Every structure is written in structure tokens, then in C-alpha cells.
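[1] Please work out how this folds:
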Amino acid sequence: MNESPAVILLVDDNPTNLKILYRTLSALDCRLLVARNGQDAIQIARATSPAVILLDVLMPQMDGFETCQRLKQDPSTQDAAVIFLSALTDSSDKVRGLEEGAADYIIKPFHPEEVVARVKLQLTLRVLQDQLRQRNQELARSNDQKNELLGMAAHDLRNPLSVVTGYAAI
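    Numbers count the residues shown, from 1 in each chain. Presented below is the predicted three-dimensional model:
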């Protein structure tokens, strides 16, 4: 089965940060997309269904927290794993990010190896979730087939048994 590579969306208002992230993640077998603000990120995410979104918190107009909240409220983007990348180091900021629906929170300046490892983890989780969803669908189909077969068997057994029951009653 030839699947298309996973999409990773990089969202930051700082072009230097975007270049560093792009270089850091370019070795992965993924399609990398870039957005410079939250509104563009939401539009790109709706159009491409990214597996992972690396999202800066401090951006003009719409910050990362609001962007994440909107992504998680939209059925077409809610399954994307959001990883915040931020210079905000306070525990309350990390907690808020996770409460908004983020899967992870990385503090800037980041170590490239850490970013790659965390993105790989989210991609692996996505693959496993997709496999689990597919397996559940297969099990549901098998269960439906089993129920249909048992229904036919019960019907086929009822006719001869009613004859036997009738003779036994006589």
C-alpha cells in the first residue's frame, strides 16, 4: 500500500524559527508546510489535515492558544497533534497549552533532536491510532456478519424444531 507522507504544519511568525524548524524536520519522510500566523494555520490545516502542527504561542493577532483552541473545535482539524513551541517557560503556560488540547509543549530555544523525537512520537501515535480505528471497523464488520449468520441459523433451525415440537405435543 503506497501511502502519501504525513503532513507537518509549522506555524511561527518569525521566519528564522521557521527556517530552523524546516531544516530540522526535513530529514523526516513528511510533507512540511508553513504558516506565519494562526489564521493561515487554520486554513492550511483545514485543507491538508496535518498529522502534527508545531505551533508558536506568541504571535500577533491570534496567539497559539487561541489557534489551538479553534483547531480542536473544528471536526476537520481536531485530530492533529499540536506541539507548542514557545519561549514561555512558566508552568501555567504549559498547563494552559495542554488544557487547550496540545499533545506536547517544547520550550525555546529547543534542541533539534528533541523536536524530531517528539514529532516522531506523535507520528507513531497517529499511525497506531489509524491502525486501531481500522481494526475496530473490521471487527464491527465481522460482528455484523456473525449476527447475520446466527440469525439465518436460528431461522433455519426454528422450522424443523417447530415440526418436532408439534409432533411432541400430539
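[2] When you work out contacts or count neighbours from here on, use the C-alpha atoms and nothing else.
    Fine.
[3] so how far is the longest helix seen in the chain from its chain's centroid?
    Secondary structure of the chain read by DSSP state H shows that its longest helix is helix 112-169. The chain centroid and the centroid of helix 112-169 are separated by 23 Å, computed with Cα atoms, centre = their mean, to the nearest Å.
[4] Likewise for stretch 44-56?
    Distance, centroid of stretch 44-56 to centroid of chain: 10 Å (Cα atoms, centre = their mean).
[5] Mind checking the pLDDT average for it?
    Computed over stretch 44-56, the mean pLDDT rounds to 98.
[6] Buried residues of it, list them for me.
    By 16 or more other Cα atoms under 10 Å, the buried positions in stretch 44-56 come out as Ile44, Ala45, Arg46, Ser49, Pro50, Ala51, Val52, Ile53, Leu54, Leu55, Asp56.
[7] how near is the second one to Ala153?
    The gap separating Ala45 from Ala153 is 49 Å, by Cα to Cα, to the nearest Å.
[8] Could you do the first one as well?
    According to Cα to Cα, Ile44 and Ala153 sit 52 Å apart.
[9] dump the residue contacts of the residue nearest to the spatial centre of the chain.
    Taking Cα atoms, centre = their mean, the centroid of the chain lies closest to Asp79, which sits 3.4 Å from it. The contact partners of Asp79, taken as Cα atoms under 8 Å, 6 or more residues apart in numbering, are Ala51, Lys72.
[10] In three-state terms, label it for me.
    Each residue gets one of three states, and Asp79 gets coil by DSSP: H, G, I helix; E, B strand; the rest coil.
[11] tell me the phi and psi of it?
    The phi and psi values for Asp79, taken as degrees, to the nearest 10, are phi -80, psi -10.
[12] same deal with the one 3 residues further on?
    Dihedral pair for Val82: phi -90, psi 130, per degrees, to the nearest 10.
[13] Show me what it is bridged to.
    Ile53 (DSSP bridges).
[14] Okay, it and Glu138: tell me how far apart.
    For Val82, the distance to Glu138 - Cα to Cα - is 29 Å.
[15] wait, which of the buried residues of stretch 44-56 is closest to Leu132?
    The shortest approach to Leu132 among the buried residues of stretch 44-56 belongs to Ala51, at 15.9 Å (Cα to Cα).
[16] Could you find the closest non-adjacent residue to that closest one?
    Among residues not flanking Ala51 along the chain, Ala80 sits closest, at 4.9 Å (Cα to Cα, 6 or more residues apart in numbering).
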